[in-house]
Structures are given as C-alpha cells and as structure tokens.
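> fold the following for me, if possible:
(chains A and B)
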Protein chains: 2
Amino acid sequence: MGVTAREIRLAARPSGWPTDENFAFADVEVPSPGAGELLVRNTFMSVDPYMRGRMNDVKSYTPPFELGKALEGGAVGEVVESGVDGVATGDLVLHNAGWRSHALVSQYTPLTPIEGVSPSRFLGALGMPALTAYVGLLDIARFTPGEAVFVSGAAGAVGSVAGQIARLKGASRVIGSAGSAEKVAHLTDDLGFDAAFNYRDGDVGELLAQAAPDGIDVYFDNVGGDHLQAAIDALRTNGRVAVCGSISMYNEKQPPPGPRNLHLLVGKRLTLRGFIILDHYDRFGAMAEEVGQWLANGELVAEETVVDGLDNAPAAFVGMLRGENTGKMVVRL
Amino acid sequence: MGVTAREIRLAARPSGWPTDENFAFADVEVPSPGAGELLVRNTFMSVDPYMRGRMNDVKSYTPPFELGKALEGGAVGEVVESGVDGVATGDLVLHNAGWRSHALVSQYTPLTPIEGVSPSRFLGALGMPALTAYVGLLDIARFTPGEAVFVSGAAGAVGSVAGQIARLKGASRVIGSAGSAEKVAHLTDDLGFDAAFNYRDGDVGELLAQAAPDGIDVYFDNVGGDHLQAAIDALRTNGRVAVCGSISMYNEKQPPPGPRNLHLLVGKRLTLRGFIILDHYDRFGAMAEEVGQWLANGELVAEETVVDGLDNAPAAFVGMLRGENTGKMVVRL
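Model prediction:
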C-alpha cells in the first residue's frame, strides 16, 4: 500500500538562531513495511534543545543531521501497516522518526495508552525529558531527602519535572530559575517550588543567594554559563551538579568564558558530572512507575505547549529555543 | 625545662606574590609539655601551594592564617621532652606546627624511621603530597589499568608521584606538563612518563593534543586554567578529572575566566571532582605500604629540593610557588 508523507529537511546549517532558510518541506513516497518494520502515522512530535546541536556539523554524542535529509526526533504514532508479529494496526508506538507525517520504523517502543492521559505525554512528562530529570537528580547528582536543590531552566520540560521530583522526594528547599515573571509565578504557584527567580532580573549569583540564603546541595544544570558560576558559589560542602545541558550556549558562535570559580571545586569537594540520557534507558521503567503515579494522582503537574500542524514545527522549534513554551513543547500532526 | 624557639609569623597579608614584608621572625619561650603534649625540635618543614591560600583573609577549607601569629604547616621533628606515655625523647613525629624551630604539639602522627630513607620523605614521597596523588588518582578519578592519564604540575611533589603511580598501576600512557625544559626532560628521562611538554612552549591545548593524540581518560589537575580547558578537550567518553589544585590562580587578584568548553561535560559524560586530602587520611596506611615499597626498591623516583635554614623558609616558599623546585620542596632546620 504505502503512503505519501510530508517531511521537513535540513536545507542549510544555521549560524546562530535558525531561520526559515534552514528548513525545507518535501513530499516523499513511503512504501509498505518489510519484515520487522512498521509504517506509522505520527500524531505528535517533539521539539527539543539538543536538536539545535545536531544542526551543526560538529561531532557530538549524536551525529549531526545530514544536509538535505529529513530531521529526526522523538515522535508518537499509530501503526498504519505492520510488518511485525504482535503489532497491529492502530497500536501506539514511540520512535525517533519525527519531523514527518508518516515514517517507516524498525526501532520503536510499544506504548500502553493511559486512560485520560494524552499520548503526547510520552514525549514529555512520561518520556525522555522526565527520564532525564529522574536520572539527573537521583543517579547523577545523587540527591537525598533533606537536601536543597536548585534547578535552572525550571519551567522547561526537564526542569519542571526535576524540581517536582525533588519536592516529592523530600527536598528541604527547591529553587528554580526561569526567563519570565509568568514562568516564575508558575513555578511557585503551580509546581510547588519554594522559591524562584527570573534570571533576567539581575545578577544570577545575587538572585540565587537571595532565593537560597543557606546555600544548596544539588544543582540541576540545564543552562550552563552564569547559572553554573552562581551555583558553584552557592553549593555547600560535598555538593553535586548534574550537567544536563547548556542551552545558553547553543546559539553562541563563540562559547562564552566558563565560570571563574572552578577553584571552589577543591575546597568545597564539589562534583560536576555530565550525562546523556541515552545511556540510562534501563531506568525508564522505574521512572514511568513513579512519575506516572504522581501524574495520575495530580501530585506532579506537567504543562505542555501544543502547536498544531507539521508546517508550524520549525516555528515551534525556534520558539522553544527562545523560551516561549511553558513545559514540554510538542507539535500535533 | 622548655626552650627558646624561633618562629616565622604572618606580618601582612600579601596581594599577589608574597614578599619579605609579609613575614616576620620572632623568638618565643616554649614551656615544658603538659600531659598529652610533646615538645618537638623540628628537623624538616614543608612549604606547599595551599599555604598561599591561607594567607588571604578568605574562608576556605582551612581557616586563614592569623596576622601576627606563626604560620603553620607540615613538619617532622624529634621529641625533646615528652608529656605522653609511650613517646620517648628522640622519637620521630609528623605534625602541623612548621615554620618554627621548636613546637609544643598535642596532635601528631608517630613515625617509624625507614632505613636509608630521610625523615623529610614523610613530608613528600611518603607524606601528604603522596597521599594526595594516591587518593586523587585511585579514589577520586577512579583510574583503572589501561587508561591514559594526564598530570599537570607533573614535576611537583604531588604530580610526580601521581604520574608514577599511574605508570606502576598499568596506565596505557602517562603524559605530564611542567614549566621548564629541564623538568620536562626529568619527567620522561627519570620518572618514566611516556610524554611531557613545557606549557610555556605554546597553546596548552595543542601541546596536549600532540602528546596524547588518542586522547586521555583521566586528568589529574594541579593547575586549573588553560590546562583544564585543554584536558576537557582531550578527554574521551566517561573521562574523569580529579581537581586537586589551581596553582595558576593562587596569585591572581581577579580569577581568570574558566574553561569555555564545559558544555563538553554533557556529550562526553565527563566528571570533575574536587577533593581535600584532609578527608582521606583513612587511606594513609594503604598508600604508605604501596608507595613505600616502590620507593624502597627504586621503582618510584621522588626528588626533593632541600633548602637549609629556617631563615630561608620564606624564600623557599616563594620559590616553590614560582616553580623553582623539582619534586618536593622542604626546609631543613
């Protein structure tokens, strides 16, 4: 049977912020699935900060996107034609062939729909961002109950879950930073953060010192730059940093200087540890069980920003990079 | 009985490099020891980089030296009068009341003299610097056989032992940096480093890339600054950094910017961990057993620079900060 699919390709590598010229739309014929393959109609696709890094021609933990080829990324879809025993038409799967209306996939995760929960949640509050929050806080930063936690990018898909897991696991204090007064109010009013600040309001070091006068034990770093320097100043002895991302640097042509206070790592016995969530999928089950329960009973709030239509995916992507979303940004196809 | 002791005091806090004006000499009466105390005649005292930090009026892992009071630091001495059962006149002890001819001490480590090994070794190849090297490499950076190791400040008391422990424990490659051609030759010719470079010869990143074309797994950081940035570039996936010191920054009035490449912590899954050797004295026995054996059979080479006379201790200290020593710098009293 097969189908005609619409896809979004990388037309040119961006220098700085991506623009329309970096994307191209194309219609392609997708054949019926062979053995072991599924033909999937995507219902939701994800836009994530790491995709900006893959647009550069730089070796990283994932290879760069290829020029003239379709972009990739997390997506949820319904099986249209199955070449796999045990997978039927209409089944729901999670896979990495986003940025297109239909895809032929051989690597996928079968999903069990949850009553009253949108399938888009598997791209956010029950997906990779939540796993990133869970692993970063508990395994990388080794958070223990009673500790004070600071999360940057706290209104984002990862940060909002990280801060709430800290709260639900018994943090003494949870502090978040975000880029607007609305997001800051959302953190304290809706997500249960003890304190939050808008990093555009002044010196991040001073803002953090006011929000965490007794210091912090764990910093969940989504942004790097001046936030990392401020956190190192605020960390107490034996503090840990989970280095998850450096969104502040993704669109810089020349990386800004790093923190001036790394020498404090010695006296305070601090640990900075970077991680990539792809290494930690063995924790998916534990995460889904705990976070799914909190989501179901309303203890964990996860907003999402839904943009409609594949044609609007590039704008959704750039908007996410500029911080226009609250919670996980997804595109409904 | 008691004794008249000569001591060196902090006369003024240095700004930048210490000068003669920062030190004052004084003669003081030291009484006979009370119960639990020892009156010790110091035979060797240590000068170490961390002492420069204690001269600033800044809270750190050890309190600042007090103005007008005698400086402190590691020393080896012979008991002159004992107020402790089981400690006799002539016994050898390690303690922290250096910078003076005699001291009354209540905290000390009894030492067993080693045939043919100078007691000064307990300040260097069998002392705190060796313990720092041992713990930093094995416990903090979790070195395992077959890995490539880069050590900065590799001709110093800590670095020279760290590189040799790596070699003796089966490193695939040991690379060192130092501040002169003589030291570089010493590393490869005498200490068994596979490669070494003079960091004054050009860009540290390029020099390291030439010395370690296949990258490194462990970086033992004694200097910070551009060395740390170069090491982060060279580290392979899952690499670890033991952050031991930042000698390059101790005399800077304004700390220089940190590494521009900390975002690589994420993709390479790197860990940076600072430590203070005071937390790790439980490892002294294991270190002394292994390193003492290597030192006795000549597998581990540990040079020391001995300066004679208490009056020359300030000059020895500044010389050490300027890198004029090879191996451990001690003062013989």
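
> tell me the pLDDT at the residue positioned nearest the centre of chain A?
When C-alpha atoms, centre = their mean is applied to chain A, the residue found nearest the centroid is A:Pro129 (4.1 Å). Listed pLDDT for A:Pro129 reads 87.

> so it sits against A:Met329, correct?
No: with contact defined as C-beta atoms under 8 Å, A:Pro129 does not count as touching A:Met329 (10.1 Å). Any C-beta I mention is one placed from the backbone N, CA and C, and that applies to glycine too.

> what about the residue nearest to the centre of chain A, distance to chain B?
Using C-beta to the nearest C-beta, to the nearest Å, A:Pro129 is found at 15 Å from chain B.

> now that residue, what's its secondary structure?
helix (DSSP: H, G, I helix; E, B strand; the rest coil).

> list the contacts of it.
Under the criterion of C-beta atoms under 8 Å, 6 or more residues apart in numbering or on different chains, the neighbours of A:Pro129 are A:Asp48, A:Leu123, A:Gly156, A:Ala157, A:Val158, A:Val161, A:Lys328.

> so how many other residues sit close to the last one?
In this case it means A:Lys328. By other C-beta atoms under 10 Å in any protein chain shown, the residues close to A:Lys328 number 28.

> is it bridged to anything, and to what?
Listed beta-bridge partners, A:Lys328: A:Glu304 (assigned using DSSP bridges).

> let me know the pLDDT of it.
What the model reports as pLDDT for A:Lys328 is 85.

> same check on the fifth one?
Per-residue confidence for A:Val158 comes out at a pLDDT of 91.

> that one touches A:Leu131, doesn't it?
No: under the criterion of C-beta under 8 Å, A:Val158 lies out of contact with A:Leu131, with a separation of 9.3 Å.

> more neighbours: those two, which one.
Comparing A:Val158 with A:Leu131 by other C-beta under 10 Å, the one with more neighbours is A:Val158, at 28 against 22.

> which SSE is the more buried one in?
Remark: A:Val158 resides in helix A:157-168, with elements defined by DSSP states H and E.

> what lies in contact with that helix?
The set of residues external to helix A:157-168 that reach it, using C-beta under 8 Å, 6+ apart, is A:48, A:124-125, A:129-130, A:132-134, A:136-138, A:143, A:149, A:151-154, A:174, A:176, A:187, A:191-193, A:218, A:220, A:222, A:244-245, A:291, A:294, A:299-303, A:327-329.

> that one: what's the following helix or strand?
Reading on from helix A:157-168 to the C-terminus, the next helix or strand found by DSSP H and E is strand A:173-178.

> mean confidence (pLDDT) on that following strand, please.
With pLDDT averaged residue by residue, strand A:173-178 scores 98.

> could you do stretch A:302-319 as well?
Averaging pLDDT residue by residue across stretch A:302-319 gives 94.

> phi first, then psi, for A:Glu299.
With angles defined as degrees, to the nearest 10, A:Glu299 shows backbone torsions of phi -80, psi -20.

> distance check, it against A:Pro259.
As judged by C-beta to C-beta, to the nearest Å, A:Glu299 and A:Pro259 stand 35 Å apart.

> give me the more crowded residue out of the two.
Set side by side, A:Glu299 and A:Pro259 show more neighbours around A:Pro259, with 24 against 13, by other C-beta under 10 Å.

> ok, now which ones touch A:Gly90?
A:Gly90 sits next to A:Glu78, A:Val79 when contact means C-beta under 8 Å, 6+ apart.

> okay, and it sits in which element?
Element membership for A:Gly90 (DSSP H and E) is empty, with no helix or strand holding it.

> neighbouring contacts of stretch A:110-122?
Counting by C-beta under 8 Å, 6+ apart, stretch A:110-122 makes contact with A:43-44, A:76, A:87, A:91-94, A:126-127, A:292, A:295-296, A:302, A:304, A:306, A:328, A:330, A:332, all of which sit outside it.

> between the two ends of it, what distance do you get?
11 Å (C-alpha to C-alpha, to the nearest Å).

> pLDDT wise, what is A:Gly323 at?
The predicted local confidence for A:Gly323 is 85.

> got a list of what it touches?
Listed by C-beta under 8 Å, 6+ apart, the contact partners of A:Gly323 are A:Ala178, A:Gly179, A:Ser180.

> can you do 7 Å?
With contacts defined as C-beta atoms under 7 Å, 6 or more residues apart in numbering or on different chains, A:Gly323 is in contact with A:Gly179.

> could you do the one 4 residues further on as well?
Listed by C-beta under 7 Å, 6+ apart, the contact partners of A:Gly327 are A:Gly124, A:Ala157, A:Ser160, A:Ala302, A:Glu303, A:Glu304, A:Thr305.

> again, only this time at 10 Å
With contacts taken as C-beta atoms under 10 Å, 6 or more residues apart in numbering or on different chains, A:Gly327 has the following neighbours: A:124-125, A:129, A:155-157, A:159-161, A:183, A:186, A:191, A:301-305.

> go on, A:Thr132?
A:Thr132 neighbours (C-beta under 10 Å, 6+ apart): A:48, A:140, A:157-159, A:161-162, A:220, A:222, A:242, A:244-245, A:275-277, A:280, A:287.

> strands - which of the residues you listed land there?
When these are checked against strands (DSSP state E), the matches are A:Phe220, A:Ala242.

> quick one on the thing from earlier: so what's in contact with A:Val158 and A:Leu131 at the same time?
Listed as contacting both A:Val158 and A:Leu131 by C-beta under 10 Å, 6+ apart are A:Ile277.

> any residue of stretch A:139-147 up close to chain B?
Yes: applying C-beta under 10 Å from any C-beta of the partner chain, one finds that stretch A:139-147 is in contact with chain B at A:Ile140.

> can you show me the CA trace of that stretch as PDB?
Taking C-alpha atoms only, stretch A:139-147 is exported to PDB below (Å, rounded to 0.1, in the frame of the first residue of the first chain):
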ATOM      1  CA  ASP A 139      21.500   8.900  39.800                       C
ATOM      2  CA  ILE A 140      23.900  11.700  38.600                       C
ATOM      3  CA  ALA A 141      23.500  14.200  41.400                       C
ATOM      4  CA  ARG A 142      22.600  11.500  43.900                       C
ATOM      5  CA  PHE A 143      20.000  13.700  45.600                       C
ATOM      6  CA  THR A 144      19.000  12.500  49.100                       C
ATOM      7  CA  PRO A 145      16.000  13.700  51.200                       C
ATOM      8  CA  GLY A 146      16.600  16.800  53.200                       C
ATOM      9  CA  GLU A 147      18.900  18.500  50.700                       C
END
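
> that stretch: how far from the chain's middle?
Centroid separation for stretch A:139-147 versus its chain: 20 Å, with C-alpha atoms, centre = their mean, to the nearest Å.

> give the buried residues for that stretch.
Across stretch A:139-147, burial judged by 16 or more other C-beta atoms under 10 Å in any protein chain shown covers A:Ile140, A:Ala141, A:Phe143, A:Glu147.

> isn't the first one right up against A:Tyr219?
No: judged on C-beta atoms under 10 Å, A:Ile140 makes no contact with A:Tyr219 at a distance of 11.1 Å.

> next, the buried residues of stretch A:200-212.
Burial within stretch A:200-212, assessed by neighbour count using 16+ other C-beta under 10 Å, is assigned to A:Val204, A:Gly205, A:Leu207, A:Leu208, A:Ala211, A:Ala212.

> ignore what I typed, I meant stretch A:161-176.
A:161-169, A:171, A:173-176.

> closest to A:Val3 among those residues?
A:Val3 lies nearest to A:Val161 out of those, by C-beta to C-beta, at 34.9 Å.

> state the pLDDT value of that closest one.
Model confidence at A:Val161, expressed as pLDDT, equals 94.

> and it, how far is that from A:Ala125?
Taking C-beta to C-beta as the measure, A:Val161 falls 6 Å from A:Ala125.

> shared neighbours, those two?
When contacts are counted by C-beta under 10 Å, 6+ apart, the set common to A:Val161 and A:Ala125 consists of A:Ala133, A:Val291, A:Trp294, A:Leu295, A:Leu300, A:Val301, A:Ala302, A:Gly327, A:Lys328.

> low-confidence ranges in the stretch 1-150 of chain A?
Under the criterion pLDDT under 70, the flagged ranges of the stretch 1-150 of chain A are A:61, A:116.
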